[in-house]
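Visitor: compute the structure for the input listed below.
(chains A, B and C)
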Amino acid sequence: MIAENVVFGIIAAAMALGAIGVVRTKNVVHAALYLVVVLAGGAAQFILLGQEFVAWVQVLVYIGAVIVLFLFGIMLTRAPMHPKDSLDNDLRWPAAVTSLFLVGILVGLLVHTFHADKVDVQRPVRTADVTSSIFTTYIVPFEVVGVLLLGALIGAVVLARKD
Amino acid sequence: MSARNLLDLAWVIPALPALGAVVLLLVGKRIGEPKAGWLATALMALSFVASVVAFFALRSLPPDARSNVSQGFTWIQAGTFRVNFRFLVDPLSSTMTLFVTGVGTLIHLYAVGYMHGDERFSRFFAYMNLFAASMLVLVLGSSFLLTFMGWEGVGLCSYLLISFWFERNSAAVAGKKAFITNRVGDFGFMLAMFLIFQKVGTLDYSALGALPKLPQSAVTAIALLLFLGAMGKSAQLPLHIWLPDAMEGPTPVSALIHAATMVTAGVFLLVRAHVFFDLSNHAGTVVAWVGAITALYAATVALAQNDIKRVLAYSTISQLGYMFLAVGVGAYSAAIFHMITHAFFKALLFLGAGSVIHGMHDEQDMRRMGGLRKYMPITAGTFIVGWLAIAGIFPFAGFWSKDEILAKAWVSHSYALWAVGAAGALITAFYMTRQVWLVFYGPERWRDDAGLVQGSGDAHEGDEVNVGGAHGGSAPHESPWTMYLPLVALALLSVAGGFIDLPFTNQKLNVLDRWLELPEPTTVSHFSTGLVLSTVALVLGVVGILVGVAVYRNGLRRDGTDPGVERLGGFAGVLQNAYYLDAGLARFVSGPVTAFARFLSDGVDRAGIDGAVNGIAAGARAGGGTLRRVQTGLVRNYALGIALGTVLLLLYVATRVSF
Amino acid sequence: MIGAGVTPIAHAPVDWYAIAPEIALFAAAILIVVLRSVARHDPKVHQASMLIAIAGVAASALFTGVQWAFVHSNGPYQAMSGLVAVDGFGVFVKSVILGATLLALLLSGGYLRREHLESPEYFALMLCSATGMMLMASANDLITIFLSLEILSIALYVLAAFDRRRLSSQEAGLKYFLLGSFSSAVFLYGIALVYGATGTTRLSGIAQFLAKIVLLHDGVLFVGLALLLVGLGFKVAAAPFHMWTPDVYQGAPTPVTAFMAAATKAAAFAAVLRIFVGAFRLYDVDWRPAVFGLAVLSLLVGSIAAVVQTDVKRMLAYQSISHAGYVLIGVQAATDKGTSAALFYVCTYAVMATGAFAIVMLVARRGDDRHELTDYRGLASARPVLAGLLTLFLLAQAGVPLTGGFVAKLSVFSAAIDVGQYWLALVGMLAAVIGAFVYLRIVLAMYAPPDDEAAPEGPRIVVDAGTGVALTIAAGAIVFLGVVPGIVLDFAHAATQLLAR
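Guide: Residues are numbered from 1 along each chain as shown, chains lettered A, B, ... in the order given. As a prediction, the model looks like this:
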């Protein structure tokens, strides 16, 4: 257990630093790359919890698709790749205070609720179980995601169309 | 057909003018002038006939069974909450319908002449009919909610009518002011209704007869909230500010609002719901004092006004104060009595003033009038009757009713109230004398415009001072018969109206009291006390008139200043501006309140950004503009706002967590 | 070959009937997209897609009616392993959504032609969004609610930005998208925490869990609840999550604004009611003060901030915040009466908002940019019928008797008073007074003589057939709701009784 806790701590620290980097940097590309650290850390935490399927979905979808899409977007729209001061704004201190409050309250309440509870991670959830629940219990959400995707697709066509 | 069957048809009374409104709104233009006016008047007259029939039908019933709720339909039903559309005919509502339709008919008739040539002639009568219909629903409704509907309808119509000449900015503003002020009152009425529904379980008036035992606090709260509603509609301090401005409407509208309909609604409501005032220990005192102070306040303000209609407007506020004084001391039938006589003489005075304005070619400033009795004899004669009535001179209608209120105040040991009321009566006699003398007697100041020094303390924007004297050579003229016939009829009523309720010990003479069967202050009054009080009141009235005549016998001074107002010195300005209440309120609303609203709407987001919030600037920017604007912080600020809201919610949650 | 230890997936029975209304709408959307790709250049496609869309709404309404008949006789039930509820509550909200969608579609046809934006995708997106809303109305599971929230939102983001030539429209779409995603994320986190606390995402499951087990440490549950409230508060445009509303409502094409105001609010409030009054009723002592706060803030912020606006569309946008506050009054009562009052309010608001925005759309004329108060000057003499209709809708919003607005306000207030919330009713009435002032400003502007110094008259106001029909329906409905509200009130009442728990 101790080893897991140590690993968890290291990954969590890396994720936090990455997240701070995302909002601190004045370079859009750097921000996207910091985000990779955060998302990869998330995937690693899932593996630590024995959720390999979710971990790989995280890697494939977020790092493989979303971040790459970001980078392509930055490239294709000729967005400035060098540091830009306008990425910062006057409200950074109120924002920081608000975020700290948010974190404080959330952490406080979570710790208060689960302080001594232990999560049983000895038995990893198998991918097969995930899939069967998707196709039985959660069939409606699964189908509905199709509707969502079609809507997004039409929307993308409308917005990207040249006329 | 039995009397009850007949009374079940009470819906006809409001339906007739409502029908007129619908017809005139739809095809009014095609009907055209003057037929549209005649149609509206005829329907009002029919409604009056129906009211008379209802009155006699009701009278034919034994005294203890004089109340009939007609079968109607259910308007709202949700669970236990049910609202029925039914009409209640009882002595109170029957009396109200009689004078609403009666005076209303006369005002309609008058308006046919007055509105002659207006391009929206038929529209005007549509609104007038709608107004009357709403008022009748208010009066005849069998529950608070139905009354409230009529109440709102009256408010809406008053807005439409006051700003009827919306081309004039002042008219539009006045209409808005009336509507908003009334909404403040309505708000009290609504709260009262909710409380009643919660405590009593129904909003029907029939339940008021046998109220469950209620705590004193609830009764007082209901009574005071109802009074708040009445204050808005009946223009009591400090919600009176709309009424003087309501003069911007055509004169028949002023007459309708002041005399027959709108402002009496508040008094009616309190009398209808008098149980709560009977049960409450303190609500009555509050009502009486607000009424008394309003009576005195408005009377003093009327002293220094120069606009012929504005004097009458403040006088209405003052007279309404008397009615509330009566309600406050528990003299409900005295309040209704004064309401009726006031309807007669105030309608008369307003229509007379309209006739003067008409004859003077839209001049409203009394300083440019004088000596008109030679040119408009009928108007002058009838106006003088109205003057004597409001001044409380024996045996005109106002004498009896005002006397009764003061007497009731005296016998219920409210001597301070009596003194305030008596002082108000003295001032009333004085300012009405001033008006009569400035308008109908003295030199003919409209001939020489030099006689008037411009801007002698006249600060009101509503006065519409006619700069430069537009009268030219054309002399004032008497109005057409459609206008003076109502004047004559109302003058007769102002003379004789008092006889419906004579205060003598012979019970047979108290017709109205016995008819209404409302509770009275229990003290037995001695005939001698009554006689002394009446004499004092009469003397006060006579003194007021005599002083007035003495001061104004020559009209204005040679340099155009007002001899009476002049003597008040620095206080005159205060009076002319109605103690600056109105201006003060306006400044408060336009200052801090607006600033706060601005802050709410874009105070947060505007900080540090070049006004891009309202964003969407007219000039289009290059493609990147949108993104830039989004990035200059707006969206981030909004997101920060959402996050802040979340933090607040979470902070709240943290207090609820069980530790 | 199936590997050892892997059981074949058993097909779950699908209760098609439970989601038939949604399927009908979505099928119409697909049909439009197919038609668009088949007959690409036929100018009639635009017209045809609108007709298909209306047919889809009609079919959906038919299925909804059948559901009502079934629920009415057999009682509510849960379908698809509890993810979807078939109940009276859902039927009521779905009827409102379908009505609002129909009105928005009718407005859109002429609008798109006027702005030269004809495009079948518009209708497909609107149907997509409506599908999401319908699903939200019948969702009985937090995940279903989240997905339907996303469906309705994504289509709306695009619709808001549909007039791409107009900068304000682009801006509206982008702002709505960014902030909407933010609030969705918050909502999702809320779902996760609630799941963490109760072990289920089914609303009925949550209610049963909470009824059986008293949580020793309820912090996570409460935080989850708060975050759910943030996400839904954003969608219903309740203060303090309202800042996007004026900008987005103002920038979006006006028919889309009407659709957002009417239908989105209905759907989101359905979710609010199902989650808070339904699943978390046992904890109402804890969440009611929070909703109380939102209601007070929304009422005051919406009505007061509207006072200083000079842009009519923006005024109505601020007022829509305050209308959300009125509905929240009904929600926070946490009683059946409050729920049915909220339902009635949502229904009434859908009608009066669509009506008002329809006139705003007409007055704005080509370019959709004449929204200033000065643009309304002289409307009464130029187009008396339009001015009269707008007056009607505004009076209804102000809550004048004999319009639906009055009955709606009355019922939420009386629901609040019933549970002893005098202060909330007081604030509500105060907001109504301030609101009346705002509406009166617009009415006054219309009845004022035209401004001579204003810019030269724009093109004539043209009322196309679809808009005419929509206006007639809306005006009739608002008067109907005011004069004989009993029918719809009964419907709302019955719908509340038939809530699947």
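
Visitor: excluding its backbone neighbours, what's nearest C:Ala192?
Guide: What sits nearest to C:Ala192 in space, not counting adjacent residues and going by CB to CB, 6 or more residues apart in numbering or on different chains, is C:Gly224, at 7.4 Å. Backbone N, C-alpha and C define where each C-beta goes, glycine included.

Visitor: kindly report the same for C:Cys347.
Guide: In this structure, C:Cys347 finds its nearest non-sequential neighbour in C:Val96, 4.8 Å apart by CB to CB, 6+ apart.

Visitor: go through the helix or strand containing the one you found and flag the buried ones.
Guide: Secondary structure here is read from DSSP states H and E; on that basis C:Val96 sits in helix C:88-114. Applying a neighbour-count criterion of 16 or more other CB atoms under 10 Å in any protein chain shown, one finds C:88-112, C:114 buried in helix C:88-114.

Visitor: picking that back up, surely the residue nearest to C:Cys347 meets C:Ala350?
Guide: Yes - assessed by CB atoms under 8 Å, C:Val96 is found in contact with C:Ala350 at 5.4 Å.

Visitor: how about the contacts made by C:Ala61?
Guide: When the contact criterion is CB atoms under 8 Å, 6 or more residues apart in numbering or on different chains, the partners of C:Ala61 are C:21, C:95, C:98.

Visitor: ok so, going back, mind checking pLDDT for the residue nearest to C:Cys347?
Guide: C:Val96 is assigned a predicted lDDT (pLDDT) of 96.

Visitor: re the thing from before, anything in contact with each of C:Val96 and C:Ala350?
Guide: Common neighbours of C:Val96 and C:Ala350, counting by CB under 8 Å, 6+ apart, are C:262-263, C:266.

Visitor: in PyMOL, select just the buried ones from these.
Guide: In PyMOL, a selection of the buried entries from the shared contacts of C:Val96 and C:Ala350 looks like this (16+ other CB under 10 Å):
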select buried, chain C and resi 262+263+266
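
Visitor: dump the shared contacts of C:Val96 and C:Ala350 to a markdown table, plus secondary structure.
Guide: Supplementary listing: these in a markdown table, determined by DSSP: H, G, I helix; E, B strand; the rest coil:
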| residue | secondary structure |
| --- | --- |
| C:Ala262 | helix |
| C:Ala263 | helix |
| C:Ala266 | helix |
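
Visitor: now, which of the shared contacts of C:Val96 and C:Ala350 sits nearest chain B?
Guide: Chain B has its nearest neighbour among these in C:Ala266, at 19.1 Å by CB to the nearest CB.

Visitor: thought the closest one was touching C:Phe344?
Guide: No - if you go by CB under 8 Å, C:Ala266 and C:Phe344 don't touch, sitting 11.4 Å apart.

Visitor: pLDDT score for the residue most central in space within chain A?
Guide: Central residue of chain A (CA atoms, centre = their mean): A:Leu39, 4.9 Å from the mean position. Note for A:Leu39: predicted pLDDT of 93.

Visitor: can you check A:Leu91 too?
Guide: According to the predicted model, the pLDDT of A:Leu91 comes to 72.

Visitor: ditto for B:Ser93
Guide: pLDDT for B:Ser93: 87.

Visitor: what helix or strand is it on?
Guide: For B:Ser93, the host element (DSSP H and E) is helix B:91-114.

Visitor: check which element follows that helix along the chain.
Guide: Scanning forward in sequence from helix B:91-114 by DSSP H and E, the next helix or strand is helix B:121-140.

Visitor: helix, strand, or coil at B:Phe499?
Guide: Following three-state DSSP, B:Phe499 is assigned to helix.

Visitor: now the spatially closest residue to it that is not a sequence neighbour: how far from B:Ala389?
Guide: Nearest-residue entry for B:Phe499: B:Trp400, 7.6 Å, with adjacent residues in sequence omitted and distances by CB to CB, 6+ apart. Plainly put, B:Trp400 is 10 Å away from B:Ala389 if you go by CB to CB, to the nearest Å.

Visitor: contact partners for B:Gln216?
Guide: Going by CB under 8 Å, 6+ apart, the list of residues near B:Gln216 reads B:279-281.

Visitor: whoops, C:Ala425 was the one
Guide: Taking CB under 8 Å, 6+ apart as the contact definition, C:Ala425 lies against B:191, B:194, C:329, C:413, C:416-417.

Visitor: need the max-distance pair from the residues you listed.
Guide: Longest distance between any two of those is 14.1 Å, between B:Leu191 and C:Ile329; criterion CB to CB.

Visitor: the more surrounded of those two?
Guide: The neighbour comparison of B:Leu191 against C:Ile329 (other CB atoms under 10 Å in any protein chain shown) goes to C:Ile329, with 30 against 23.

Visitor: which SSE is the more buried one in?
Guide: Under the criterion DSSP H and E, the helix or strand holding C:Ile329 is helix C:312-333.

Visitor: and what of C:Lys265?
Guide: When secondary structure is defined using DSSP H and E, the element that contains C:Lys265 is helix C:265-272.

Visitor: against which helices or strands is that helix packed?
Guide: In terms of contact count using 3 or more CB pairs under 8 Å, 6 or more residues apart in numbering or on different chains; DSSP states H and E, helix C:265-272 is assigned the packing partners helix C:88-114, helix C:120-138, helix C:142-160, helix C:219-235, helix C:312-333, helix C:336-364.

Visitor: now the helix or strand just after that helix and helix C:265-272, what's the angle there?
Guide: Taking DSSP H and E as the definition, the helix or strand that follows helix C:265-272 towards the C-terminus is helix C:284-307. Following axes from the mean of the first three to the mean of the last three CA atoms, to 10 degrees, one obtains 160 degrees for the angle between helix C:284-307 and helix C:265-272.

Visitor: helix C:284-307 near chain B anywhere?
Guide: Yes - Helix C:284-307 lies within reach of chain B by CB under 8 Å from any CB of the partner chain, at C:286, C:289-290, C:293, C:300-301, C:304-307.

Visitor: from the residues you listed, which has minimum pLDDT?
Guide: Lowest pLDDT among the residues of helix C:284-307 next to chain B: C:Val307, 81.

Visitor: what is the burial count for the closest residue to C:Glu22 other than its chain neighbours?
Guide: Here the nearest residue to C:Glu22 in space, its sequence neighbours aside, is C:Met134; by CB to CB, 6+ apart that works out to 4.8 Å. The burial metric for C:Met134, expressed as a neighbour count using other CB under 10 Å, is 31.

Visitor: again, but for A:His115
Guide: The number of residues packed near A:His115 is 8, by other CB under 10 Å.

Visitor: quick one, phi/psi of it?
Guide: phi -50, psi -40 (degrees, to the nearest 10).

Visitor: per-residue pLDDT, it?
Guide: 75.

Visitor: if we can go back for a sec, redo the contacts of C:Ala61 as a markdown table? Include distance to B:Leu58.
Guide: As requested, the contacts of C:Ala61 are arranged in a markdown table below (distance: CB to CB, whole Å):
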| residue | distance to B:Leu58 |
| --- | --- |
| C:Pro21 | 56 |
| C:Ser95 | 47 |
| C:Leu98 | 51 |
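
Visitor: can stretch C:283-291 be found next to chain A?
Guide: No - for a cut-off given as CB under 8 Å from any CB, stretch C:283-291 has no contacts with chain A; the smallest distance is 13.4 Å.

Visitor: using PDB, write out every CA atom in that stretch.
Guide: Extracted in PDB, the C-alpha atoms of stretch C:283-291 (Å, rounded to 0.1, in the frame of the first residue of the first chain):
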ATOM      1  CA  TYR C 283     -33.000  16.700   2.100                       C
ATOM      2  CA  ASP C 284     -35.100  19.700   1.300                       C
ATOM      3  CA  VAL C 285     -34.200  21.500   4.500                       C
ATOM      4  CA  ASP C 286     -30.700  21.600   3.200                       C
ATOM      5  CA  TRP C 287     -31.200  22.600  -0.400                       C
ATOM      6  CA  ARG C 288     -34.100  24.900  -0.100                       C
ATOM      7  CA  PRO C 289     -32.200  27.800   1.300                       C
ATOM      8  CA  ALA C 290     -29.800  27.600  -1.600                       C
ATOM      9  CA  VAL C 291     -32.600  27.600  -4.100                       C
END
